[in-house]
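Colleague: Here's a sequence, model it:
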Amino acid sequence: MAGRIEDYALIGDMQTAALVCRDGTVDWLCLPRFDSHAIFAGLLGAGEHGFWRLGPAYAPGAEPPTSARRTYRGDSLILESEWDTPRGTVRVTDFMPPRDGAPQLIRIVEGVSGRVPMRSELRMRFSYGRVVPWVHKHEGRTVAVAGPDSVWFDTEAETYGKALTTYADFTVAPGDRIAFTISWEPSHKEPPALPEPEQSLVATEDFWRDWVEHCTYHGPYREAVVRSLITLKALTYAPTGGIVAAPTTSLPEDIGGVRNWDYRYTWLRDAAITLSSLLRTGYREEARAWREWLLRAVAGDPENLQIMYGIAGERELGEAELDWLPGYENSTPVRVGNGAAHQLQLDVYGEVTEALHLGHMTGLARNDYASVLQLKLIRYLEDHWNEPDEGIWEVRGPRRHFVHSKVMAWVAVDRTIKLIESGDADGPLERWKQLRDDIHRDVCEKGYDKERNTFTQSYGSQELDASLLLIPQMGFLPPDDKRVIGTIEAIQRELSTSDGFILRYPTDGKDEGVDGLPGDEGAFLACSFWMADDLAMIGRVDEARKLFEKLLSLRNDLGLLAEEWDPRLQRQVGNFPQAFSHVPLIDTALRLTASGAYGG
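Modeller: Residues are numbered from 1 along each chain as shown. Below you'll find the predicted structure:
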């Protein structure tokens, strides 16, 4: 059985990622890309669906022991786990070196004290646990082949096969170092080069050390910010600059429920806000690469802008269900692909334009086509901003006039007006100023409840929505506007959980709610960070700091966050780790640092 979501560590090579549990089991790995089929899918099933456990040996029928300590080595994505056993202490170092060849997952076992019996148990199952590969020896190396894929397993330890699983039993003493590596290669090609684990370890550590040195944030929350930045970098697909929302699929927002989605794609919204956080902390190269990805993905067709694309810009992300997988803690269906790709979400135009604007303001080298694209997006919005859409939360119910979508349409027009006023683009300035005023007036007239002094989720509705917290952050209204303060206070009253975190919107349990889905969900962590931001903006800085530090306490021991927090179960839920949680963590840390609102 898979561990709790927060029991996992992330390792990756900026092209794919693996999740490693506290007991030394890799339960999730897709090769060669984030969105490829998993060769270890135990996270969404059971041992029969693929895993790789490496740790101290244990008695048959017993539970594998969990590590006593684990940490990332400095500011890197190199995981170190230590077990204390009756016979001694052992350390396992797990990492994926940034690629210049075949993708590799390297695990190095090191004896610390005593003599510790160890076991490697490798069960590869291709196509999300459905296909048992042909495992055989080739020139002294173990290779698993199934269709177009081959995975090569290299180690100095003696291995043997049993029950369609590859084992190695060995003992380590102080100073012993034994490496294990798997490498992926298309099955029709020559075998990948023999791995060099120790050299790769040094190179990987150097890579992360050099990358982190570019961080310009040196405030009191540096540890949390740097770990979040490393996580965002790990979610970047290096060959194209695309950024995945998370490296997993179908980790449930509601344990045992149906709210299970595939997040291994590039949402324009998530990628745009990730870009803004990277830019504000010194990472222009990632911002430039994402902008180039955006221009390729959208191409000359902004009228058919999708809310998400594949990591290389693919448009077709057809959704399917994997009925042979029982799901994480029996949360079904397990989905791959994402049917929301072709939804209309007008807020995306605002997020993309805001990201391009921030790049322009922070000195990102000019790209003429980026300005052309921005103008094309606004021309599209001129004709479509007043249509209903599915909104930021990708509802699968009826389209509505979501207030947040209208606000972000206003943002798109406002930032484009600023681009024209700066002299870096030409457009119908007066016409678009009028458009900006029209959108603003429409929102304030139709999306605001005067009696309750709050903006609402959609025109004519009574429901609230945490996305309304972005109104002051986007500059739609100033923080001291009574309508802004009223909205913040209403969301605190009506969308707070018992422990003070913020829900996205009301859900209706067994009945279908506004999102067209049954069931409930946890507190959406991004919304809680937005609340902390807003509280700081309206002068309630102590309250903002306390909420922020309470949110930091939800991170797992390695500083990682999933999408949501379940206040009933007191655990993380949703895909993991989630860019949309780590980005606002960075943003709120920057805001609180600038305001001096921190303790100690």
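Colleague: Going by C-alpha atoms from here, please, whenever you check contacts or count neighbours.
Modeller: OK.
Colleague: Let me see the ranges of the helices in the stretch 451-600 of the chain.
Modeller: Defined through DSSP state H, counting those that start in this stretch, the helices belonging to the stretch 451-600 of the chain, from first to last, are 470-473, 482-494, 525-537, 541-552, 579-595.
Colleague: And the strands in the stretch 351-500 of the chain, which stretches?
Modeller: Listed in chain order, the strands found in the stretch 351-500 of the chain under DSSP state E, counting those that start in this stretch are 448-449, 454-455.
Colleague: Would you reformat these as a markdown table and include mean pLDDT?
Modeller: Below are the strands of the stretch 351-500 of the chain laid out as a markdown table (pLDDT from 0 to 100):
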| stretch | mean pLDDT |
| --- | --- |
| strand 448-449 | 98 |
| strand 454-455 | 98 |
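Colleague: related to what we said a few turns ago, out of the helices of the stretch 451-600 of the chain, the one nearest residue 77 is which?
Modeller: Nearest to residue 77 among those is helix 579-595; the distance by CA to CA comes to 15.5 Å.
Colleague: what are the C-alpha coordinates of that closest one, in PDB please?
Modeller: Output in PDB follows, covering the C-alpha atoms of helix 579-595 (Å, rounded to 0.1, in the frame of the first residue of the first chain):
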ATOM      1  CA  ALA A 579       3.400  24.200  -8.400                       C
ATOM      2  CA  PHE A 580       0.200  26.100  -7.600                       C
ATOM      3  CA  SER A 581       1.000  25.700  -3.900                       C
ATOM      4  CA  HIS A 582       4.700  26.500  -4.000                       C
ATOM      5  CA  VAL A 583       4.300  29.600  -6.200                       C
ATOM      6  CA  PRO A 584       2.100  31.600  -3.700                       C
ATOM      7  CA  LEU A 585       4.300  30.400  -0.900                       C
ATOM      8  CA  ILE A 586       7.100  32.300  -2.600                       C
ATOM      9  CA  ASP A 587       4.900  35.300  -3.400                       C
ATOM     10  CA  THR A 588       3.600  35.600   0.200                       C
ATOM     11  CA  ALA A 589       7.100  35.300   1.600                       C
ATOM     12  CA  LEU A 590       8.300  38.200  -0.600                       C
ATOM     13  CA  ARG A 591       5.300  40.300   0.400                       C
ATOM     14  CA  LEU A 592       5.700  39.700   4.200                       C
ATOM     15  CA  THR A 593       9.500  40.300   4.000                       C
ATOM     16  CA  ALA A 594       8.900  43.600   2.200                       C
ATOM     17  CA  SER A 595       6.400  44.600   4.900                       C
END
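Colleague: circling back: highest average neighbour count across the strands of the stretch 351-500 of the chain?
Modeller: Across the strands of the stretch 351-500 of the chain, averaging neighbours per residue (mean count of other CA atoms under 10 Å) puts strand 454-455 on top, at a mean of 28.
Colleague: what packs against that one?
Modeller: Judged by 3 or more CA pairs under 8 Å, 6 or more residues apart in numbering; DSSP states H and E, the packing partners of strand 454-455 are strand 448-449, helix 482-494.
Colleague: and for the first one, what are the contacting residues?
Modeller: With contact meaning CA atoms under 8 Å, 6 or more residues apart in numbering, strand 448-449 is reached by 454, 455, 456, 459.
Colleague: got any ranges where the stretch 51-200 of the chain has weak pLDDT?
Modeller: Under the criterion pLDDT under 70, no range of the stretch 51-200 of the chain is flagged.
Colleague: Now do the helices in it.
Modeller: Taking DSSP H, counting those that start in this stretch as the test, the helices found in the stretch 51-200 of the chain are 126-129, 197-212.
Colleague: how about those helices, which one is nearest residue 258?
Modeller: helix 126-129 (19.0 Å).
Colleague: ok so, going back, tabulate the helices and strands packed on strand 454-455 (JSON lines), appending distance to residue 178.
Modeller: Compiled in JSON lines, these are given as follows (distance: least, CA to CA, whole Å):
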{"stretch": "strand 448-449", "distance to residue 178": "64"}
{"stretch": "helix 482-494", "distance to residue 178": "54"}
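Colleague: Return the most buried member of the ones you listed.
Modeller: Between those, strand 448-449 has the highest mean count of neighbours, a mean of 20, where neighbours are mean count of other CA under 10 Å.
Colleague: hang on, the earlier thing: the helices of the stretch 51-200 of the chain: which one's closest to residue 94?
Modeller: Go through those one by one with CA to CA and the one that ends up closest to residue 94 is helix 197-212, at 9.3 Å.
Colleague: I'd like the distance between residue 264 and residue 311.
Modeller: Between residue 264 and residue 311 the distance, using CA to CA, to the nearest Å, works out to 8 Å.
Colleague: any shared contact partners between the two?
Modeller: Common neighbours of residue 264 and residue 311 (CA under 8 Å, 6+ apart) are residue 244.
Colleague: wait, what's in contact with residue 501?
Modeller: Residues in contact with residue 501, defined by CA under 8 Å, 6+ apart, are 523, 524, 525, 528.
Colleague: Kindly apply the preceding question to residue 209 instead.
Modeller: Applying CA under 8 Å, 6+ apart, we find residue 209 in contact with 75, 76.
Colleague: what does the one 5 residues further on give?
Modeller: If you count contacts by CA under 8 Å, 6+ apart, residue 214 has them with 282, 283.
Colleague: swap in residue 388?
Modeller: Neighbouring residues of residue 388 by CA under 8 Å, 6+ apart: 399, 400, 401, 402.
Colleague: Of these - the most surrounded one?
Modeller: With neighbours set by other CA atoms under 10 Å, the maximum within the contacts of residue 388 is found at residue 402, which has 28 neighbours.
Colleague: ok, now how distant is it from residue 348?
Modeller: The spacing between residue 402 and residue 348, counted by CA to CA, is 13 Å.
Colleague: Likewise for residue 301?
Modeller: In this structure, residue 301 and residue 348 are separated by 15 Å, where distance is defined by CA to CA.
Colleague: now do residue 577
Modeller: When CA to CA is the yardstick, residue 577 and residue 348 sit 22 Å from each other.
Colleague: next one: residue 192
Modeller: Separation of residue 192 from residue 348 (CA to CA): 41 Å.
Colleague: between the two, which one's more packed in?
Modeller: Set side by side, residue 192 and residue 348 give different neighbour counts by other CA under 10 Å, the larger being at residue 348 (25 against 17).
Colleague: so what's the closest residue in space to residue 357 that isn't next to it in sequence up against?
Modeller: Excluding the flanking residues, the one nearest residue 357 by CA to CA, 6 or more residues apart in numbering is residue 415, at 6.3 Å. When the contact criterion is CA under 8 Å, 6+ apart, the partners of residue 415 are 353, 354, 357.
Colleague: where are the low-confidence patches of the stretch 301-450 of the chain?
Modeller: Flagging of the stretch 301-450 of the chain using pLDDT under 70 yields the residue ranges 396.
Colleague: show me what contacts the residue nearest to residue 170 when sequence neighbours are not counted?
Modeller: On the basis of CA to CA, 6+ apart, the spatially nearest residue to residue 170 that is not a chain neighbour turns out to be residue 118, at 5.3 Å. With contacts defined as CA under 8 Å, 6+ apart, residue 118 is in contact with 54, 55, 56, 57, 169, 170, 171, 172.
Colleague: Quick check: beta-bridge partners of residue 118?
Modeller: Taking DSSP bridges as the rule, residue 118 bridges to residue 56, residue 170.
Colleague: and the gap between it and residue 308?
Modeller: Taking CA to CA as the measure, residue 118 falls 44 Å from residue 308.
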